[in-house]
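Chemist: here is my input, please return the structure:
(3 chains)
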Amino acid sequence: MKKVLFATTALVMTAGVAAAEVAVTGTGRMGVIYDGNDAQFSSRIRAIFTMTGESDAGLSFGGSIRADNSANGNQGVAGSVYVSGTYGKLEMGDVVSASEAAIGDLPEIGYTQGGFAGDLEEISYLTGDGANLDQGPNILYQYTINNISLFASASDGSDRKWFTTTGANDNIECTYDPVTGELVDCATVSSDDTAWSLGANYEAENFTVGLGYAKDGDAKEVTLGGKATFNNIAVSAIYADYSDRDSISFGGDDATGNFVDDLTLTSDNYQLSKTWGLGLEWQQDAIRVAGFYRRDEIRTTDIGDAAGLDDRDFDTFGVGADYDLGGGATLSGGIVDSDWLNDTVADMGVRFKF
Amino acid sequence: MKKVLFATTALVMTAGVAAAEVAVTGTGRMGVIYDGNDAQFSSRIRAIFTMTGESDAGLSFGGSIRADNSANGNQGVAGSVYVSGTYGKLEMGDVVSASEAAIGDLPEIGYTQGGFAGDLEEISYLTGDGANLDQGPNILYQYTINNISLFASASDGSDRKWFTTTGANDNIECTYDPVTGELVDCATVSSDDTAWSLGANYEAENFTVGLGYAKDGDAKEVTLGGKATFNNIAVSAIYADYSDRDSISFGGDDATGNFVDDLTLTSDNYQLSKTWGLGLEWQQDAIRVAGFYRRDEIRTTDIGDAAGLDDRDFDTFGVGADYDLGGGATLSGGIVDSDWLNDTVADMGVRFKF
Amino acid sequence: MKKVLFATTALVMTAGVAAAEVAVTGTGRMGVIYDGNDAQFSSRIRAIFTMTGESDAGLSFGGSIRADNSANGNQGVAGSVYVSGTYGKLEMGDVVSASEAAIGDLPEIGYTQGGFAGDLEEISYLTGDGANLDQGPNILYQYTINNISLFASASDGSDRKWFTTTGANDNIECTYDPVTGELVDCATVSSDDTAWSLGANYEAENFTVGLGYAKDGDAKEVTLGGKATFNNIAVSAIYADYSDRDSISFGGDDATGNFVDDLTLTSDNYQLSKTWGLGLEWQQDAIRVAGFYRRDEIRTTDIGDAAGLDDRDFDTFGVGADYDLGGGATLSGGIVDSDWLNDTVADMGVRFKF
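Modeler: Alright, predicted model coming up:
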């Protein structure tokens, strides 16, 4: 439930004078996750500040920032800023890529909304959404005409650290080793590439289709997605085709788990070739049941072939149910079985909106 | 003073519809502390977000999170989430143990509310309240029938780091060396124990008595406490008996001071055997005077005996006075003399509630 | 635009009862900066909590704290607390020095308000404003009689880390090497000095003049400044004379850029001798044009002379323009050419007040 704080000035404002506002809302969750070995407590509470304003000429602007507690007290702060008018909306900060804005992800399950399994319902988009932020903030532009929305996003292509923008400064590139969970093979590279993406979607009454393209250095991504709604059932499908992509990252802030033991996804041996997924959601009154299936296809490079390695497919299956308790509270549970994880994992708990 | 933000939606709500709210309050303080050698400035300001809601069936839920500034800009964020109904209240996050919930601590003194002396008015409860949080969030359950409240708390017993929960992941156990202020004798251990606690208290018109039990691995704690009020005087007493407890921690976020030089409290040589304390508070109109006495009894182990070490008792005495200036401001000062600290320390300043 | 949250209690309060309040406001900005080599995206959003209260006797108190996002998620939290009454205002926390409070800085330019060039419009005051905070919070006292304001500020002179206050604890002193951007020649010193400052200014209808003095160890600062306003033009001048000052720091949180290559400002070879600057601002309806010129004079020490080094002057010139879009939004751009920076740098973007 959204709470808009009234400005004292707002109370005496005459019509036509634009007012800037800050709304304070929050979310919370608590419950138990089963990580395959142990049942663990997991809770979080978050304050969210949503700011909106309008210039004299009718240009909308705003932004949001949040403060988190995930029981370790070390979560960062995410936020973005935007301007919006007749020429579209331009957003800067922690924004998703054009591909993701056009297509989205598979259905979220569980009280941690997929977090308990490393957010495997999120397609590993090549740019944006936490990726490529070492260059500083990303931008996302959106323009909607009738039922068609066009999206474009980019990083600035410079990881030079400067006074008001971040940067790795050293152009160090590393590989994530899923076995040890550490970054390996770090090397200083001489230049950086703009990571950019284009996307479009078409929204009809009962269905949405979207298309996206992204590029980051040599790596390319073509993504296609669609969602159709029949009565209280929604079906979605996403297909992503990659080339020269030598790393895969899982969405969310918490991707620090232990992955499957026998995969060494290095830039020399393996590449992520394809990801495709199906989602199903059924809603009846206070009850929602959702599930997804996803396959990530890992292909060996020439070096991997020479080393005698085989192609690998990683299947993930998840299902969950929500019960809306009203007033902003939802009882929820989910279960995920994935080749990316050693074990079947689950969560069960409540989440709140304030 | 508590400020509840009105939701715009709330203003037009019909009766019977539950509304979630976020209240923004704050606290501040400024003054001078004398650390035994130097007078130092010490200030803090804190924004607190308190969230509350109610489900359609009347289940209460909520949580709180705060953002701090302690003039070093590096303070973490603490918070917790709860659900509450006819079956009691279940809270998760940065929560105290059942023992502490049932019994509490000795009276706070000074404008930093004990902080200037390492919060020595806080009994060093074995579990909860900052301890055992390496496993992720703690839970605390409370159920009240008439004058009797029952409490139970636990950690999840797993320090495996996973996507939505924290963990040390390596099961490393260390000993705090009070001389150097560093963790020593760190070793990887194979498993972790659930740190749990049970407690109960009985509240009559003029007095409260409480009992608590806690266990963390081999270490045990039995705590007994009571508080009686006569007119404008309150007297409290707390007794805690420990077995196999080889570390002691002081409450609060700021336990980074320099302790007494000649104590080496290692798991080999010493154990904390007993802590007991007495508190006295006197309130007359805007004036409050409070004091406490506390003794921590450190006993040598067989190894310590063989090393020729002696048992040690650590006495702490504190006294302070508050003057309520009205409107949320309080003028306050305190003085603490403790064997845990090299010198007599004091603070004097103002604190605010917003 | 300031938003004051109404307390529920406030709504039913009778006249004469003081109420504490928390106002939530925010700022945002987005745009492009040119760092001399690359165009980079730069955005920030900030939530600001401003707290105010009044005691029964009419003493005002309050404070502020902010939460930032600068797209790297690692910004700290700055804040301060104050009490204010007929005897003046006493503030503690992240406060400026008396010199800076009396005199101020040169005009800010660009949508990052000088940040894109390392805040070179800010005079490098010897104490306060980020400097000397290793000892814990600074204090600033202000007393105004008619047109004259008197200022005094100080650090506590102790960098001993203690429970409720920060400190380097080791009295380590280092030198900032502008070539590598690292701290070098770190050495443990035996004691710390109170960094203090005195200042005064006189405000007439059309002009303000100010004078400041500061001392930190052997280093001294005498500062003189003035600002005059004619119709829609404001002219300002600042002159700062230093002795025994062996380090210079730029204001703001972001001073992490790459400075000029051929300067090695160490305590052995160089000292900052003088800084003087001129500012000009012109405002017409929604348009503001501002510029500044600044010279920092670096003089060799005897050791530097012996090493054959020469005196160096660092000139900085900046100009910018703002266009007020109304409703809290401002379109803004600036350009700075400085000997402190390898290249001419610029920014262009929008900033918002919520």
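Chemist: now do the strands in the stretch 151-300 of chain A.
Modeler: Applying DSSP state E, counting those that start in this stretch to the stretch 151-300 of chain A gives strands spanning A:172-177, A:182-188, A:196-203, A:207-216, A:219-230, A:233-243, A:270-284, A:287-300.
Chemist: nearest to chain C, out of those strands?
Modeler: Nearest to chain C among the strands of the stretch 151-300 of chain A is strand A:196-203 (12.2 Å), distances taken as CB to the nearest CB. For every residue, glycine as well, the C-beta is placed using N, CA and C.
Chemist: partner strands of that closest one and their direction?
Modeler: Strand A:196-203 pairs in its sheet with strand A:148-154 (antiparallel), strand A:207-216 (antiparallel), by DSSP bridges.
Chemist: without its sequence neighbours, what residue ends up closest to residue A:350?
Modeler: residue A:331 (5.4 Å; CB to CB, 6 or more residues apart in numbering or on different chains).
Chemist: now residue A:92: which helix or strand?
Modeler: strand A:88-93 (DSSP states H and E).
Chemist: any regions of chain A where pLDDT drops low?
Modeler: Across chain A, the ranges flagged by pLDDT under 70 are A:1-19, A:69-78, A:168-191, A:247-267.
Chemist: residue A:244 touches residue A:272, doesn't it?
Modeler: No - counting by CB atoms under 8 Å, residue A:244 sits too far from residue A:272 to count as a contact (9.8 Å).
Chemist: and the two? Which one has more around it.
Modeler: A direct count of neighbours by other CB atoms under 10 Å in any protein chain shown for residue A:244 and residue A:272 places residue A:272 higher, at 24 against 14.
Chemist: do you know how far that one is from residue A:203?
Modeler: Per CB to CB, to the nearest Å, residue A:272 is found 29 Å from residue A:203.
Chemist: related to what we said a few turns ago, quick check: bridge partners of the residue nearest to residue A:350?
Modeler: Beta-bridge partners, per DSSP bridges, of residue A:331: residue A:323, residue A:350.
Chemist: would you check how far apart it and chain C are?
Modeler: 30 Å (CB to the nearest CB, to the nearest Å).
Chemist: I'd say that residue and residue A:352 touch.
Modeler: No - counting by CB under 8 Å, residue A:331 does not reach residue A:352; the two are 10.8 Å apart.
Chemist: of these two, which one has the most company?
Modeler: Using other CB under 10 Å as the criterion, residue A:331 and residue A:352 rank with residue A:352 on top: 27 against 19.
Chemist: isn't the more buried one up against residue B:21?
Modeler: No - using CB under 8 Å as the test, residue A:352 is too far from residue B:21 to be in contact (11.5 Å).
Chemist: which residues do these two both contact?
Modeler: Counting by CB atoms under 8 Å, 6 or more residues apart in numbering or on different chains, the shared contacts of residue A:352 and residue B:21 are B:51, B:53.
Chemist: mind listing what residue A:125 touches?
Modeler: A:96, A:97, A:99, A:100, A:131, A:197, A:212, A:214, A:221, A:223, A:240.
Chemist: is it part of a helix or strand, or is it coil?
Modeler: coil (DSSP: H, G, I helix; E, B strand; the rest coil).
Chemist: what is the three-state secondary structure of the residue nearest to it when sequence neighbours are not counted?
Modeler: Using CB to CB, 6+ apart and skipping residues adjacent in sequence, the residue nearest residue A:125 is residue A:100, 4.6 Å away. Three-state assignment for residue A:100 (three-state DSSP): helix.
Chemist: quick one: residue A:100 from residue A:140, how far?
Modeler: In terms of CB to CB, residue A:100 sits 9 Å off from residue A:140.
Chemist: these two - which one has more neighbours?
Modeler: Counted by other CB under 10 Å, residue A:100 and residue A:140 do not tie: residue A:100 has more neighbours, with 28 against 25.
Chemist: wait, doesn't that one sit right on residue A:128?
Modeler: Yes - counting by CB under 8 Å, residue A:100 touches residue A:128, with 6.2 Å between them.
Chemist: for the spatially closest residue to residue A:203 that is not a sequence neighbour, what are phi and psi?
Modeler: Excluding its sequence neighbours, the residue lying closest to residue A:203 (CB to CB, 6+ apart) is residue A:147, at 5.0 Å. Main-chain dihedrals, residue A:147, degrees, to the nearest 10: phi -90, psi 0.
Chemist: wait, what's in contact with residue A:147?
Modeler: A:202, A:203, A:204.
Chemist: how near is it to residue A:281?
Modeler: 22 Å.
Chemist: ok now stretch A:293-309, how far from the chain's centre?
Modeler: With CA atoms, centre = their mean, to the nearest Å as the basis, stretch A:293-309 stands 25 Å off its chain's centre.
Chemist: and the end-to-end length of it?
Modeler: Start and end residues of stretch A:293-309 are separated by 26 Å (CA to CA, to the nearest Å).
Chemist: need the contact partners of it.
Modeler: Counting by CB under 8 Å, 6+ apart, A:106, A:120-121, A:124, A:248, A:263, A:265, A:268-278, A:310-318, A:340 sit against stretch A:293-309.
Chemist: can you point out the buried residues in that stretch?
Modeler: A:294, A:296, A:297, A:298, A:299, A:300, A:301, A:304, A:309 (16 or more other CB atoms under 10 Å in any protein chain shown).
Chemist: so residue A:50 sits against residue A:20, correct?
Modeler: No - counting by CB under 8 Å, residue A:20 is not a contact partner of residue A:50; they are 11.7 Å apart.
Chemist: if you count surrounding residues, which of the two has more?
Modeler: Regarding residue A:50 and residue A:20, a neighbour count based on other CB under 10 Å identifies residue A:20 as having more, with 27 against 20.
Chemist: quick check, that one in contact with residue C:28.
Modeler: No - using CB under 8 Å, residue A:20 is not in contact with residue C:28; the gap is 9.8 Å.
Chemist: having no further points to raise, I will conclude here.
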